[in-house]
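Colleague: The sequence isn't on hand, but the structure is:
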């Protein structure tokens, strides 16, 4: 699909600026003992803590949750460039990264979108579909890196859910809901892109 390739290349070009900017610090100064998987693991831990805070202890001081989520967002922003800048890209790291993304996002989605059941269902189903695709490729011993559509979707989700948390416990505004619906086509494009990459391999 020519149009899909054009969109993909455009988004990859924008994403490359992040790498170039961060490489200025990462390549000469990043301590090699702190591997990117450690950074990604922090996101998993934060996701678990957020789940506990949101559903078990009913924490009233929302800024604890907001700042934890922002730290989780930052780990997602830097772990990929660190892996690429220090030549530590691994198959396990890519799988851990996608898992960490879901662990960070889903607790916020379940907590804040109970009134938007169709949106919540669509988000969960597309995440399950993406996860199943990855497992399918893994079973065939095919290694697919996270594609730009998945990265763009995660960035959009992080920004929107950060906004939702800032206004929490108010219900998400219609603008946040619309933006979250916009993430669904990105998930679908991610699956389509993975399918075409599989055919090429």
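Modeller: Nice, I can see it. Quantities reported herein were computed from a predicted structural model and do not represent experimental measurements. Numbering: from 1, shown residues only.

Colleague: Helices of the protein, start to end?
Modeller: With DSSP state H as the criterion, the chain has helices at 2-29, 36-52, 62-85, 91-112, 117-139, 148-167, 174-200.

Colleague: Same question for the third one: list its buried residues.
Modeller: Along helix 62-85, the positions that meet the burial threshold by neighbour count (16 or more other C-beta atoms under 10 Å) are 65, 68-69, 72-73, 75-76, 78-85. Placement of C-beta: from N, CA and C, glycine included.

Colleague: okay, and for the protein, where does confidence drop off?
Modeller: Across the chain, the ranges flagged by pLDDT under 70 are 1, 58-60, 136-145, 198-201.

Colleague: Let me know the outermost residue of it.
Modeller: Each residue of the chain has a distance to the centre, and by C-alpha atoms, centre = their mean the biggest one is for residue 28: 26.8 Å.

Colleague: do you know how far that one is from residue 34?
Modeller: 15 Å (C-beta to C-beta, to the nearest Å).

Colleague: Ok, residue 9 next?
Modeller: Counting by C-beta to C-beta, the gap from residue 9 to residue 34 is 32 Å.

Colleague: what does residue 181 give?
Modeller: For residue 181 relative to residue 34 (C-beta to C-beta), the value is 37 Å.

Colleague: just residue 101 next, same as before
Modeller: 20 Å.

Colleague: If you count surrounding residues, which of those two has more?
Modeller: Of the pair residue 101 and residue 34, residue 101 is the one with more neighbours under other C-beta atoms under 10 Å, namely 25 against 11.

Colleague: hang on, isn't that one packed against residue 76?
Modeller: Yes - contact criterion C-beta atoms under 8 Å: residue 101 and residue 76 qualify, at 6.4 Å.

Colleague: any common contacting residues for those two?
Modeller: 43, 154 (C-beta atoms under 8 Å, 6 or more residues apart in numbering).

Colleague: And for residue 104, the neighbour number?
Modeller: Count around residue 104 with other C-beta under 10 Å applied: 27.

Colleague: got it, and residue 87?
Modeller: 8.

Colleague: Residue 99 too?
Modeller: 16.

Colleague: Please apply the same query to residue 86.
Modeller: Neighbours of residue 86 under the rule other C-beta under 10 Å: 17.

Colleague: any idea how far the closest residue to residue 153 other than its chain neighbours is from residue 166?
Modeller: Excluding its sequence neighbours, the residue lying closest to residue 153 (C-beta to C-beta, 6 or more residues apart in numbering) is residue 186, at 3.8 Å. According to C-beta to C-beta, residue 186 and residue 166 sit 23 Å apart.

Colleague: the more surrounded of those two?
Modeller: More neighbours surround residue 186 than the other of residue 186 and residue 166, with 20 against 13 (other C-beta under 10 Å).
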